[in-house]
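1. Only the shape, not the letters, is given here:
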């Protein structure tokens, strides 16, 4: 039986970070910059979603890399949204744990150009 979908709000260094878990066990963790969390997106791709303003992305990605397992996400750390490409380059340059760029994610307010599969 799948677990019930759930959401929460995390306080991180003065930031409010919405979190949404998928109804099924998560296959990864997605930090979504510049967008609101979506239960439908979490369920469709089987990922825990943390949302942040683009300027707060580095702090949220750093926290997510350290706490993914505590959130129940055992798969890859994914990053999408406004400014995600620059932040992924920064994580590589600074030797952070691997962060995978998702070029385009469908949200309720953004048409899908290229969606992702969390298993790949």
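-> Received the coordinates, thanks. Here the structure is a predicted model, which is why all the values come from computation and not from measurement. Residues are numbered from 1 along each chain as shown.
2. So which bits of the strand or helix carrying residue 31 are buried?
-> Assigned by DSSP states H and E, residue 31 belongs to strand 28-33. Neighbour-count burial for strand 28-33, counted by 16 or more other C-beta atoms under 10 Å, picks out 28, 29, 30, 31, 32, 33. C-beta coordinates here come from the backbone N, C-alpha and C atoms, glycine included.
3. Rebuild those as TSV, extending it with distance to residue 13.
-> Below are the buried residues of strand 28-33 laid out as TSV (distance: C-beta to C-beta, whole Å):
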residue	distance to residue 13
28	24
29	18
30	20
31	15
32	18
33	16
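4. any chance of the residues you listed in CSV, with pLDDT too?
-> What follows is the buried residues of strand 28-33, written out as CSV (pLDDT from 0 to 100):
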residue, pLDDT
28, 92
29, 94
30, 94
31, 95
32, 94
33, 94
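5. Tell me which strands the strand holding residue 31 pairs with, and in which orientation.
-> Strand 28-33 has the following strand partners under DSSP bridges: strand 47-52 (parallel), strand 77-81 (parallel).
6. who's in contact with the last one?
-> Spelled out, that is strand 77-81. With contact meaning C-beta atoms under 8 Å, 6 or more residues apart in numbering, strand 77-81 is reached by 28-35, 47, 54, 57, 61, 64-65, 68, 87-88, 97-105, 116, 118.
7. residue boundaries of the strands in the protein?
-> When secondary structure is read from DSSP state E, the chain shows strands at 6-12, 15-21, 28-33, 47-52, 77-81, 100-101.
8. what would those look like in CSV with distance to residue 39?
-> Formatted as CSV, these follow (distance: least, C-beta to C-beta, whole Å):
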stretch, distance to residue 39
strand 6-12, 7
strand 15-21, 6
strand 28-33, 13
strand 47-52, 9
strand 77-81, 17
strand 100-101, 22
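9. Buried among the contacts of strand 77-81? Make that a PyMOL selection.
-> In PyMOL syntax, the buried subset of the contacts of strand 77-81 is picked out as below (16+ other C-beta under 10 Å):
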select buried, resi 28+29+30+31+32+33+34+35+47+57+61+64+65+68+87+88+99+100+101+102+105+116+118
